[in-house]
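**Student:** Sequence plus the predicted model coming up.
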Amino acid sequence: MGYLFPTLLVSSTSLATVVGLYLLFTGQGESFNVGKFLAESSPYAWALVGVGLCVGLSVMGAAWGIFVTGASILGGGVRAPRIRTKNLISIIFCEVVAIYGVIMAIIFSSKINGDVDNLYTTGNYYTGFALFWGGLAVGVCNLLCGVSVGITGSTAALADAADPQLFVKILIIEIFGSILGLFGLIVGLLVSSKAEEFA
Amino acid sequence: MEALGFNMSAGFLEGVVRGYKGALLTQANYHNLTQYFRLQLSSTDYGNFLANEPLPLSTATIADKATEKLVAEFSYIRTNAVEPLATFMDYITYAYMIDNVILLTLGTLHERDTHELLERCHPLGVFDTMPALCVATNVEELYHSVLVETPLAPYFRDCLSAQDLDDLNIEIIRNSLYKSYLEDFHSFCQTLPAPTSEIMTRILAFEADRRTLNITINSFGTELSKDQRARLFPTIGRLYPEGNNALARADDVDSVIAAVDHIAEYKSFFDKAGVSSGAGANGAEEASSSLEDEFFKHDVELNKQSFLQQFQYAVFYSFVKLKEQEVRNLTWIAECIAQDAKDRVNDYISVF
């Protein structure tokens, strides 16, 4: 786990450098062109990747939170079985994060239809990019929200097992954590409400 | 960052061990225990663990049964553990192995009965070749016939220079084994991620310093040379290196106090224990026992603190140590009641 991130960073940077230098020295330097890439890639691709990231990252966050909380509830429940029902609420908080992602993915995908004459218009570009970045914003917000709720939920379970009075106090912190995902949802809604359907 | 992945392998066990910790006896439990021992124990987590024992109960039975409970809980966690927690828990048992090795060799030296000795060994430190320890007559033999198979073998390297097994040499072996063990455990903990390594460093540093101070104080007036003494000091802890150097040169308790002067906690132990060279031989002995109590209290305090952080392995170590302290407390209270020494019954070290 500890070495994964640096390894990925180093290998991806060196790969990008090698490819870039290859293109440069073989006289194809101009094919590395960000503007051309943005202009020529299909707005459909952007929109669909956005929908995928939205639901995928949200589910990942929810799953992560549930396993962190769940493991602690199981462990704490061995000696204090009374915590099991109360702490289901932490699991539900994590689950809600995935539901946010699904709702946003449904809203985003309602903008996508397959019946278009000229794809490369300003309106379609806007819709494509709005859905991509909106989806990414919702996804990342929900991923981090799920992780934060999960870790707080695990602490809530263990604290409840040790001292029942602590449960409500930690639950309040958990609620604040779960609101973070809502911020992503609101921004995603605002961004996508301006985007017209593909035409 | 540790919180992200910790629960994958150890989340369940952490929950379980915190549950066990919640069942440790509290101040109120102890207070009731000192009044009505057996009646009160059945209302705690121990339940009726003494139910099948024949009357009258001996203190040894109570200690054995309580230790059995500790061992049962430990082995439940150990069997469910995966790496690196499994190795971490194995390291906890090595300390008990060292004690068992020393107990058996000392017993053999004084020609005690082997079976009786094996029964007295701590069950957490049991290993397969243990009975063979009783036949060893010198260090070389001890190493080659018994210990080479055990995880203690690497720790033994420093002791091979000693030839005969006599009381002093066994004591030297014990301390140098412990020194190597602490250093090894410490370096293992450094490979673990942040909260574990920080907390374990704190606990092991105190353990090392406690041993250093004890070795120094106990070596006064024995034939242990200063050079030999310095070699027994663990090279970790808050006293290392300059405190250790000062202790290596120390001749009396006053110079020990001067050596620990810059660490406020340790200094306060000596102040509270009232150790000074002015006291007579009798007073010094009493003072060193209360110094030991101060060390235990601080140890308990450190172990309690390790429960304040989640997603780390130190809780497993601390639980074993706190439970061990609880067994000591129970034994102390039972012993005091058995010997009708009601005035000393409150000298236990309450955990929570």
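**Tutor:** Received it, and whenever you're ready, just let me know what you need.
**Student:** hey, let's count contacts and neighbours off CA atoms from now on
**Tutor:** Fine.
**Student:** Give the buried residues for the least confident helix or strand in chain A by mean pLDDT.
**Tutor:** Ranked by mean pLDDT, DSSP states H and E, the weakest helix or strand in chain A is helix A:34-40, scoring a mean of 87. Neighbour-count burial for helix A:34-40 flags no residue at all (criterion: 16 or more other Cα atoms under 10 Å in any protein chain shown).
**Student:** Using CSV, write out every CA atom in that helix.
**Tutor:** The C-alpha trace of helix A:34-40 is given here as CSV (Å, rounded to 0.1, in the frame of the first residue of the first chain):
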residue,chain,number,x,y,z
VAL,A,34,-4.4,19.2,-26.2
GLY,A,35,-6.7,21.5,-28.1
LYS,A,36,-7.1,19.1,-31.0
PHE,A,37,-7.8,16.3,-28.5
LEU,A,38,-10.5,18.3,-26.8
ALA,A,39,-12.0,19.3,-30.1
GLU,A,40,-12.0,16.0,-31.8
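**Student:** right, and the helix or strand after that helix?
**Tutor:** Next helix or strand after helix A:34-40 toward the C-terminus (DSSP states H and E): helix A:43-79.
**Student:** Could you list the low-pLDDT ranges of chain B?
**Tutor:** B:37-39, B:136-139, B:160-165, B:275-288 (pLDDT under 70).
**Student:** What parts of it come near chain A?
**Tutor:** B:3-4, B:7-8, B:11-16, B:18-20, B:22, B:310 (Cα under 8 Å from any Cα of the partner chain).
**Student:** and those residues, which are buried?
**Tutor:** Judged by 16+ other Cα under 10 Å, buried ones among the residues of chain B next to chain A: B:3-4, B:7, B:11-16, B:18-20, B:22, B:310.
**Student:** Secondary structure for those - can I get that in CSV?
**Tutor:** Shown next, in CSV, are those (DSSP: H, G, I helix; E, B strand; the rest coil):
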residue, secondary structure
B:3, helix
B:4, helix
B:7, helix
B:11, helix
B:12, helix
B:13, helix
B:14, helix
B:15, helix
B:16, helix
B:18, helix
B:19, helix
B:20, helix
B:22, helix
B:310, coil
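**Student:** which of those residues lies closest to residue A:116?
**Tutor:** If you rank these by distance to residue A:116 using Cα to Cα, residue B:4 comes first, at 44.4 Å.
**Student:** Does the closest one touch residue A:147 like I think?
**Tutor:** Yes - at 7.5 Å, residue B:4 and residue A:147 qualify as touching, with contact defined as Cα atoms under 8 Å.
**Student:** what residues are up against the residue in the stretch 151-300 of chain B that chain A sits nearest to?
**Tutor:** With Cα to the nearest Cα as the measure, residue B:193 is the residue of the stretch 151-300 of chain B nearest to chain A, at 8.8 Å. Contacts for residue B:193 (Cα atoms under 8 Å, 6 or more residues apart in numbering or on different chains) come out as residue B:2.
**Student:** Over to it: give its phi and psi.
**Tutor:** phi -70, psi 170 (degrees, to the nearest 10).
**Student:** what do you get for the one 5 residues further on?
**Tutor:** Backbone geometry at residue B:198, expressed as degrees, to the nearest 10, gives phi -60, psi -50.
**Student:** How many residues are close by residue 25?
**Tutor:** I'll assume chain A. Residue A:25 has 9 neighbours, counted by other Cα atoms under 10 Å in any protein chain shown.
**Student:** please go with chain B instead
**Tutor:** Neighbours around residue B:25, by other Cα under 10 Å: 21.
**Student:** With residue B:6 instead?
**Tutor:** 19.
**Student:** before we move on, the earlier item: could you single out the nearest of the buried ones among the residues of chain B next to chain A to residue B:147?
**Tutor:** Once Cα to Cα is applied, the member of these that ends up nearest residue B:147 is residue B:13, at 31.1 Å.
**Student:** how about the residue nearest to the closest one when sequence neighbours are not counted, what does it touch?
**Tutor:** Excluding its sequence neighbours, the residue lying closest to residue B:13 (Cα to Cα, 6 or more residues apart in numbering or on different chains) is residue A:75, at 5.9 Å. Shown in contact with residue A:75 (Cα under 8 Å, 6+ apart): B:11-16, B:19.
**Student:** And for stretch B:335-343, what's in contact with it?
**Tutor:** Contacts of stretch B:335-343 (Cα under 8 Å, 6+ apart): B:34, B:59, B:344-345.
**Student:** Try it again at 10 Å.
**Tutor:** B:33-37, B:57-60, B:62, B:329-334, B:344-347 (Cα atoms under 10 Å, 6 or more residues apart in numbering or on different chains).
**Student:** Could you tell me how far residue A:62 is located from residue A:140?
**Tutor:** Here residue A:62 is placed at a distance of 12 Å from residue A:140 (Cα to Cα, to the nearest Å).
**Student:** between those two, who's got more neighbours?
**Tutor:** Neighbour count, other Cα under 10 Å: between residue A:62 and residue A:140, residue A:62 has more, with 29 against 20.
**Student:** what pLDDT does the more buried one get?
**Tutor:** Per-residue pLDDT puts residue A:62 at 96.
**Student:** okay but it is in contact with residue A:151, surely?
**Tutor:** No - counting by Cα atoms under 10 Å, residue A:62 stays clear of residue A:151, with 11.4 Å between them.
**Student:** other SSEs contacting the helix or strand hosting residue A:193?
**Tutor:** Secondary structure assignment for residue A:193, by DSSP H and E: helix A:166-194. Helix A:166-194 sits against helix A:88-109, helix A:122-162, with contacts defined as 3 or more Cα pairs under 10 Å, 6 or more residues apart in numbering or on different chains; DSSP states H and E.
**Student:** before we move on, back to that, ok, the residue of the stretch 151-300 of chain B closest to chain A to residue B:314 distance?
**Tutor:** Distance from residue B:193 to residue B:314, by Cα to Cα: 11 Å.
**Student:** swap in residue B:144?
**Tutor:** 34 Å.
**Student:** same check, this time on residue B:183
**Tutor:** From residue B:183 to residue B:314 the distance is 16 Å (Cα to Cα).
**Student:** More neighbours: which of these two?
**Tutor:** Neighbours were counted for residue B:183 and for residue B:314 using other Cα under 10 Å; residue B:314 has more, 27 against 20.
**Student:** Please name the residues that touch that one.
**Tutor:** Contacts of residue B:314 (Cα under 10 Å, 6+ apart): B:14, B:85, B:88-89, B:189, B:195-201, B:203, B:303, B:305-307.
**Student:** For ChimeraX, write the select line for the buried members of the residues you listed.
**Tutor:** Restricted to buried positions by 16+ other Cα under 10 Å, the ChimeraX selection for the contacts of residue B:314 reads:
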select /B:14,85,88,89,189,195,196,197,198,199,200,201,203,303,306,307
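**Student:** So which of the contacts of residue B:314 belong to helices?
**Tutor:** B:14, B:85, B:88-89, B:189, B:195-201, B:203, B:303, B:305 (DSSP state H).
**Student:** What is the nearest of these to residue B:103?
**Tutor:** residue B:89 (22.1 Å).
**Student:** In this structure the closest one contacts residue B:81, no?
**Tutor:** Yes - with contacts counted by Cα under 10 Å, residue B:89 reaches residue B:81, the gap being 8.4 Å.
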